[in-house]
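K.L.:
Sharing a model prediction with you, sequence too.
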2 protein chains.
Amino acid sequence: MHTMTALLCQIELEKYIRKMHSIVGNAVTEGRYLVFGIGSSQLLNAAVYALSSENSSTPSNVLASIPFYPMYKAQTMFFNSENFQFEGDTNSWQSNNSTNNMDVVEFVTSPNNPDGELKTPVLGGKTIYDHAYFWPHFTPIPVPSDHDLMIFTLSKLTGHAGTRFGWAVIKDKDVYQKVLNYISVADLGISKDTQLRVLKLLKKAVEGDGKPIFEFAYNKMRDRWERLSSVFSKSTRFSIQQRHPLHCNFFNETRLPSPGTFISLVEC
Amino acid sequence: MHTMTALLCQIELEKYIRKMHSIVGNAVTEGRYLVFGIGSSQLLNAAVYALSSENSSTPSNVLASIPFYPMYKAQTMFFNSENFQFEGDTNSWQSNNSTNNMDVVEFVTSPNNPDGELKTPVLGGKTIYDHAYFWPHFTPIPVPSDHDLMIFTLSKLTGHAGTRFGWAVIKDKDVYQKVLNYISVADLGISKDTQLRVLKLLKKAVEGDGKPIFEFAYNKMRDRWERLSSVFSKSTRFSIQQRHPLHCNFFNETRLPSPGTFISLVEC
């Protein structure tokens, strides 16, 4: 693909991502920077590097609230950088942190997998919002998210996990350039073939202002949740959590999330 | 894409990569493991992690011989891992290394960019063979490469740099699993759409036992080298290196490399 065609594809893709967020009302993207990544996976680690202290003598502390996505720990441990260290659960760390050390990078998964809760930060340091599941087939969308660093992925939007495509929405220019630098150093950018494919998918997904795809997927998720609930209701050993109804701005009515169905969408 | 289709695509793609190496005679792949990566870029860093000491109190020393691809240094510095450190040029390090420290990971770029030399290791420690340019349109292929860890990329084979696809050929099962683990932790694998595209390209490239594509590309490279030489021959300030003719097993005749044309193929 010629460089100019590739650039045009990238600009067009950015436009459709912003359009999707605007239709759904789940994130503010005006005046924000976008970075593409290999799924959200790569962006999670890129964000940790971007938010950690580079020249500090002590590494930044990376944390998340239990129960959290195991990838946060796996990546942070694996890369074993001098810039950061994984410190585990926010709540137990907070109660042991007598020195009030605030060189912190906190993962906030909202909604959380597997419990579906719209989590908020515990520590108040630098924060990575993992919004993989913040789409109206999984959860009510009460208000557009407007945080410094938010990560989304195609895999939980349309189910194309194998396409390995995610994006970060970033407020600060310096953080944006650091995330971009990570992608460039790690693998010189995102496959142009993949970008073309994602563009095609998003063009389809925004049709009818997103109503057809999200209605279809919401019903699928709800049906699965109901089947799951009915199985567990017969058990005396297991129970499942209460769900909280919220007003969804996208569907313009009060709805319940379908948390237990998160994984199954992408595996079918 | 369904999991089964994706797996079949991966198996098929491996088959065509092995077939390409067998036709060209540039690498032994029988009984070797293959790992796909986001271009060779990602595999370079994956290989550094795989070959470095994980539990050592001192980091492994990563080196390359000048002139080397700047990415080696950029990646090793950027990830700033406790497992390794970039120590620069092999020759100056060797003369200062009085303690005979052999915890070494050496990049051997063969043929080298930009000088086209078929480099060999200087230090004799663990070695990453960067064979990006080891194809018969750039260099004579005197013998199939049969090293522990060899890295190739589609970008210098067919010119599709934007597709971001590379592969490593690995002898040792433990090293193979470490490289695979890197890819998995870094971004959960390679885009299936990209793999499908590469499969289509390789199916085309192996037609006529590779003769059409490599004849075409060899002539292009040679013409560019001749134009370049003719420009520099008029200069009293610059000279360009002598080239060494070698027998190329693929073309079955003695040929010269076209080193200065390496970059331009992928940029056109």
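P.N.:
Right, received. Where do you want to start?
K.L.:
Surely A:Phe214 and A:Thr139 touch.
P.N.:
No: in this structure, A:Phe214 is not within contact of A:Thr139 by C-beta atoms under 8 Å, at 11.4 Å. Heads up, the C-betas are built off the backbone N, CA and C, glycines and all.
K.L.:
can I assume A:Phe78 sits in a helix?
P.N.:
Yes: residue state for A:Phe78 (DSSP: H, G, I helix; E, B strand; the rest coil) corresponds to a helix.
K.L.:
what about it, distance to B:Lys178?
P.N.:
Per C-beta to C-beta, to the nearest Å, A:Phe78 is found 10 Å from B:Lys178.
K.L.:
Between the two, which contacts overlap?
P.N.:
B:Tyr49 (C-beta atoms under 8 Å, 6 or more residues apart in numbering or on different chains).
K.L.:
Got the confidence number for the nearest residue to A:Asp172 once chain neighbours are set aside?
P.N.:
The shortest distance from A:Asp172 to any non-neighbouring residue, by C-beta to C-beta, 6 or more residues apart in numbering or on different chains, is to A:Asp148 (6.2 Å). On the pLDDT scale, A:Asp148 is placed at 98.
K.L.:
on that earlier part again, between A:Phe214 and A:Thr139, which is the more surrounded one?
P.N.:
A:Thr139 (27 against 23; other C-beta atoms under 10 Å in any protein chain shown).
K.L.:
Pretty sure that one sits against A:Asp115.
P.N.:
No: with contacts counted by C-beta under 8 Å, A:Thr139 stays clear of A:Asp115, the gap being 11.2 Å.
K.L.:
Just checking stretch A:113-123 against chain B, any contact.
P.N.:
No: Stretch A:113-123 is not in contact with chain B by C-beta under 8 Å from any C-beta of the partner chain; minimum separation 14.7 Å.
K.L.:
can you list the residues of chain A near chain B?
P.N.:
Close to chain B, as judged by C-beta under 8 Å from any C-beta, chain A has residues A:1, A:3, A:6, A:37-39, A:41-42, A:45, A:49, A:54, A:71, A:74-75, A:78-83, A:160-165, A:181-182, A:185-194, A:197, A:267.
K.L.:
Going through the residues you listed, which ones are buried?
P.N.:
Neighbour counting by 16 or more other C-beta atoms under 10 Å in any protein chain shown classes A:1, A:6, A:37-39, A:41-42, A:45, A:49, A:71, A:74-75, A:78-83, A:160-165, A:181-182, A:185-194, A:197 among the residues of chain A next to chain B as buried.
K.L.:
Now, these that are in strands?
P.N.:
A:Gly37 (DSSP state E).
K.L.:
Can you pick out the ones from the buried ones among the residues of chain A next to chain B that are in helices?
P.N.:
Judged by DSSP state H, the subset of these located in helices is A:6, A:39, A:41-42, A:45, A:49, A:71, A:74-75, A:78-79, A:181-182, A:185-187, A:192-194, A:197.
K.L.:
so how far is the host helix or strand of A:Phe216 from its chain's centroid?
P.N.:
In this structure, A:Phe216 sits in helix A:211-233 according to DSSP states H and E. From the chain centre to the centre of helix A:211-233 is a distance of 21 Å (C-alpha atoms, centre = their mean, to the nearest Å).
K.L.:
How about stretch A:157-176?
P.N.:
8 Å.
K.L.:
Any buried residues in it, and which?
P.N.:
Applying 16+ other C-beta under 10 Å to stretch A:157-176 flags A:157-170, A:175-176 as buried.
K.L.:
which one of those residues sits closest to A:His244?
P.N.:
A:His244 lies nearest to A:Leu157 out of those, by C-beta to C-beta, at 22.8 Å.
K.L.:
ok, the closest one to chain B distance?
P.N.:
16 Å (C-beta to the nearest C-beta, to the nearest Å).
K.L.:
residue contacts, that residue?
P.N.:
A:Met20, A:Trp135, A:Ala205.
K.L.:
Chain neighbours aside, what residue packs nearest to A:Glu54?
P.N.:
Using C-beta to C-beta, 6+ apart, the closest residue to A:Glu54 is A:Asn83 (6.0 Å).
K.L.:
ok, the one you found to A:Asp130 distance?
P.N.:
The value you get for A:Asn83 to A:Asp130, if C-beta to C-beta is used, is 20 Å.
K.L.:
With A:Gly159 instead?
P.N.:
Distance from A:Gly159 to A:Asp130, by C-beta to C-beta: 18 Å.
K.L.:
where does the residue lying farthest from the centre of chain A land in three-state SS?
P.N.:
What lies farthest from the middle of chain A is A:Thr236; by C-alpha atoms, centre = their mean that is 34.4 Å. Following three-state DSSP, A:Thr236 is assigned to coil.
K.L.:
Tell me how far it lies from A:Gln10.
P.N.:
On the measure of C-beta to C-beta, A:Thr236 and A:Gln10 end up 55 Å apart.
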